[in-house]
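S.K.: The following comprises the amino acid sequence and a computationally predicted model.
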Amino acid sequence: MATFFSTDMSPSSEATKMCIGECYNLIGSGELSVPGYQREYVWSKKQQQSYLESLSLGLPLFGPVINIDTESGQQWIMDGQNRLMTIFKFMNDEITFENEYEEWVKYSELPDNEKRKIKNTKISYTETRDWTQDQCQEFFTIIQEGVPLKNGELIHAKPGSPFTQQIVTILTEFPDLFTNKPKDGGMGLTPAMIKRYGHYEIIGTIIHMIRTGVYPGRPGKTSLKEFNQWVNDDQPTRSQREICITETIECLSKYAEIIMNVPRLKLGVKVISHLRLLYFIYKTGYYKNNWTDTEYTKIENLLNRVLNKDNPEYDMIVKFGTLDAGKIYDLYETIYNE
């Protein structure tokens, strides 16, 4: 007989309500917090204003899903942190609200009766109890299917996976490489990219390049594909993974040196240009060599050729990037060895 419910069905949950004032106190004390596998607060100013407008109009507020550890009393926001944190930030005067009279209002400046009204307003939420971390993470991943989570956020949402753990290892080894400005020896990823775990996506792509020896046609999707490979398949093996991460760290160490010694890189280039150059120095094996000014000058000349829109090489790169990404390596090698 056909069945609907999974044999791995999660423990039950129930709908309930909580006053905003209670919620604010729980967040402030740390008793209600956001687990590490979730993405950071990402709502735009427009989204903040829309949610606060709902509160000002007295509309129903549908809040989060909260899991309670009954032994410790700790509560975790499994979904809906942007909604709760918007209210918390407003009550902390971290954000303001534009009212119907086009006045920007701070919570601390409201009359006492309005403050009480906000604190007594109830939010509907779903409560679960004693779910395991794996159950919470699985719920978060499934519930976000309709929301445009970035690939890096999906990877970050599984901190226990071997792939994510290796990304953390690489970030520990190179804490500034992805975030520092180019003039300071970094790739110059923007705060917005970091906030949505774009660095996880980039590192995942680099790991894929080094494990397979193939430059990806679509770097963004490659990181998630590699993540799923590590999680769901027997390949790569444990030994292959260790070799891959060792080579990734070795390659990034050389690349950090290159950034510091190549003026064109210190001016800043797009992430895709970093990935192409990383692939080139890995594929050629140049990352294992001791470099002199001669090698750095060759890289400088190479970048000036392929990044200048007035040069034919620039057009070739654009074409190869959509039709045959592997040919980029051949072009780089030709220019480098001229």
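M.R.: Good, I have the coordinates.

S.K.: What segments of the stretch 1-150 of the chain are helices?
M.R.: 20-29, 45-56, 81-91, 112-120, 133-143 (DSSP state H, counting those that start in this stretch).

S.K.: Pick the most buried one from these.
M.R.: By mean neighbour count, with neighbours taken as mean count of other C-beta atoms under 10 Å, helix 81-91 ranks first of the helices of the stretch 1-150 of the chain at a mean of 22. C-beta here means a position set from N, CA and C on the backbone, and glycine is covered the same way.

S.K.: Now residue 180. Nearest residue, chain neighbours left out?
M.R.: residue 186 (2.6 Å; C-beta to C-beta, 6 or more residues apart in numbering).

S.K.: Adding mean pLDDT and distance to residue 194, write the helices of the stretch 1-150 of the chain out as TSV.
M.R.: Below are the helices of the stretch 1-150 of the chain laid out as TSV (pLDDT from 0 to 100; distance: least, C-beta to C-beta, whole Å):
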stretch	mean pLDDT	distance to residue 194
helix 20-29	91	23
helix 45-56	88	19
helix 81-91	90	18
helix 112-120	93	33
helix 133-143	68	20
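
S.K.: Tell me which of the ones you listed lies nearest to residue 200.
M.R.: helix 133-143 (14.6 Å; C-beta to C-beta).

S.K.: ok now the helix or strand just after the closest one, how far from the chain's centre?
M.R.: For helix 133-143, the following helix or strand on the C-terminal side (DSSP states H and E) is helix 151-156. The chain centre lies 5 Å from the centre of helix 151-156; the measure is C-alpha atoms, centre = their mean, to the nearest Å.

S.K.: next one: stretch 35-55
M.R.: The answer for stretch 35-55 is 16 Å, by C-alpha atoms, centre = their mean.

S.K.: Then stretch 205-214?
M.R.: 19 Å.

S.K.: which residues touch it?
M.R.: The set of residues external to stretch 205-214 that reach it, using C-beta atoms under 8 Å, 6 or more residues apart in numbering, is 163, 166-167, 215-216, 219-220, 222-223, 225-226, 236, 240, 244-245, 247-248, 251-252, 275, 278-279, 282-283, 326.

S.K.: Okay, and which of these map to helices?
M.R.: 163, 166-167, 219-220, 222-223, 225-226, 240, 244-245, 247-248, 251-252, 275, 278-279, 282-283, 326 (DSSP state H).
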